[in-house]
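Asker: Got a sequence here, can you build the structure:
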Amino acid sequence: MAQIVQSALFFSLGLGTIMTLASNHWLLAWMGIEINTLALIPLMVQNPHPRAVEAATKYFFAQAVASALLLFATLSNSYLTGTWNIPLISHPVPSTLCILALAMKVGLAPLHTWLPEVMQALTLRTALILSTWQKLAPLFLMYQIPSTNPNLFLTLGLLSIIVGGLGGFNQVQLRKILAYSSIAHLGWMVLILSISPPLTLLALYTYLLISSSLFLSLMFLRTTHISSLSTSWAKVPALTAILPFILLSLGGLPPLTGFAPKWLIILEMIKENLILVAVTAILSSLLSLYYYLRIFYTATLTTPPNNPPGTLPWRLRPRYNALIPALTTTATIALLPLTPTILTYLTW
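Answerer: Below you'll find the model as predicted:
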C-alpha cells in the first residue's frame, strides 16, 4: 500500500510540473504549482519525526503565501490588461509581484529563510527533489515573464549569490550547506535572466546535473554531517576519490562542467557594461568555494580520532543502483568541451 501511495505522489509531482510547463494560462500554471507543492508535503513527513513535521509546516506556509501572492498578481494583471496569457503580463506592478512570488517559491534571497531550515529536516532523497525538481516550474514561469524591470532580477540575483556564500560559512550539516549552495546558484540563474535567457537555461541544467550527482553520492555514503565524511574513504574509496571533482565542479572551477555557465554569464555581463555586478558576483562565489573546500578537506585529508589507523568501518552494501550516479558524475566532470554545442541547441 505504501508503494502505491508513494507512486501516486511521484506521479503528482511530475503531473504538476508538466502542467505548468505546458500551460499558457496563468490559472492552469498556478494549479500545476499547487499540485506539485501538495504532492511533496506527504513525502516530507514520510518519516514522521518532529523535525520533519516542522519542516513540512514551514514549507506549506511559505508556499501558501507565495501562491496567494501569485494568484493576486495574476488576477490584478487580468483586471488591468484583460488577458491571462503568461507572456502578456505587461503591467509593471503585477509583473513585479509575480517575480517576487516565484522568487519566494524557489528560495531566492531575501525570501530564502524557509529553505535551509526545511532542507535540514528532510531525507537526502526528498532534499534532492526539493533542490532540483521543485525549481523547474517556478523558474520556467519566471523565464516567460517579460523583463519590465531588469534591475529587479539583478538585485535578486546578486543578493542571492552573496547570501548563499555567507550563509554556508559556519554550517556543519551537509543539507544546510547544499541549501545555501542552491540559493547561490539560483542567484547566478536570475542574474542573467533579463540579459540572456539561454544562459539561464544552461546554468539551470548544469546545476541540476551537478547537484543530483552530489546528492546521490551522499546517499551512497549515508552521511548528512560534515564530520562523518572523514570515514568515507573506508566505505566507498572510489566515490571518495571522485567527490572532490564534484565539489569543485559545483564551485565552478575549470576544467570541470560547472565552470562553463559562470564563465559565460560573466562574459555576457561585461558585454552589457555591468562590470561592478560581475566582480561582486565573482568575489561572492569565492565564499561558496570556501565551504566546498571544507567538505573536500574533510572527506579526503582527515582521519576521525575514534578510528585507529588500520581499522576500517563496515562496508555496507549500497541500497541504490550505481548506474545513475556514475552517469551524472561523469557528466559533472567531463562536459565542458561540449558547452558550445549545448548552448547552440539552447539558442536554436
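
Asker: Only C-alpha atoms from now on, for both contacts and neighbour counts.
Answerer: Fine.

Asker: The worst-scoring helix or strand of the chain on mean pLDDT packs against which elements?
Answerer: One helix or strand of the chain scores below all others by mean pLDDT, DSSP states H and E: helix 232-235, with a mean of 73. When contacts are defined as 3 or more C-alpha pairs under 8 Å, 6 or more residues apart in numbering; DSSP states H and E, helix 232-235 sits against helix 237-251, helix 275-301.

Asker: so after the longest one, what's the next helix or strand?
Answerer: Going down the chain from helix 275-301, the next helix or strand is helix 323-334, by DSSP states H and E.

Asker: buried ones in the lengthiest helix in the chain?
Answerer: With secondary structure taken from DSSP state H, the chain has its longest helix at helix 50-81. Within helix 50-81, the residues scored as buried using 16 or more other C-alpha atoms under 10 Å are 51-60, 62-63, 66-67, 69-78.

Asker: Then stretch 275-283?
Answerer: 277-278, 281-282.

Asker: Also stretch 123-138?
Answerer: 123-132, 134-138.

Asker: Give me the mean pLDDT for the longest helix of the chain.
Answerer: The pLDDT scores in helix 50-81 average 90.

Asker: Are there helices or strands packed against that helix, and which ones?
Answerer: Checking 3+ C-alpha pairs under 8 Å, 6+ apart, helix 50-81 ends up next to helix 26-44, helix 92-106, helix 114-120.

Asker: how far off helix 92-106 does that helix point, in degrees?
Answerer: Angle of helix 50-81 versus helix 92-106, following axes from the mean of the first three to the mean of the last three C-alpha atoms, to 10 degrees, is 160 degrees.

Asker: For Gln173, grab phi and psi.
Answerer: phi -90, psi 130 (degrees, to the nearest 10).

Asker: Please report the distance of it from Leu130.
Answerer: 17 Å (C-alpha to C-alpha, to the nearest Å).

Asker: Ok, Trp114 next?
Answerer: Applying C-alpha to C-alpha to Trp114 and Leu130 gives a distance of 12 Å.

Asker: okay, and for this structure, where does confidence drop off?
Answerer: 1, 303-322, 348 (pLDDT under 70).

Asker: Contacts for stretch 182-197 next, please.
Answerer: 107-109, 112, 131, 143, 147, 150, 153-165, 199-201, 203-204, 207, 262, 265, 268-269, 285, 288 (C-alpha atoms under 8 Å, 6 or more residues apart in numbering).

Asker: Give the PyMOL command for selecting the buried subset of those residues.
Answerer: In PyMOL syntax, the buried subset of the contacts of stretch 182-197 is picked out as below (16+ other C-alpha under 10 Å):
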select buried, resi 107+108+109+112+131+143+147+153+154+155+156+157+158+159+160+161+162+163+164+165+199+200+201+203+204+207+262+265+268+269+285+288
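
Asker: re the thing from before, centre of the chain to the longest helix of the chain, how far?
Answerer: 19 Å (C-alpha atoms, centre = their mean, to the nearest Å).

Asker: and the angle for the helix or strand Leu218 falls within with helix 237-251?
Answerer: Counting by DSSP H and E, the element that carries Leu218 is helix 197-221. Put simply, helix 197-221 runs at 150 degrees to helix 237-251, going by the same axes, to 10 degrees.

Asker: quick one: what helix or strand has Pro255 in it?
Answerer: Assessed by DSSP H and E, Pro255 sits outside every helix and strand.

Asker: ok now do it, which residues does it touch?
Answerer: Pro255 touches Leu336, counting by C-alpha under 8 Å, 6+ apart.

Asker: which residues touch Leu139?
Answerer: The contact partners of Leu139, by C-alpha under 8 Å, 6+ apart, come to 102, 106.

Asker: helix or strand for it, which one?
Answerer: With DSSP H and E as criterion, Leu139 is part of helix 133-144.
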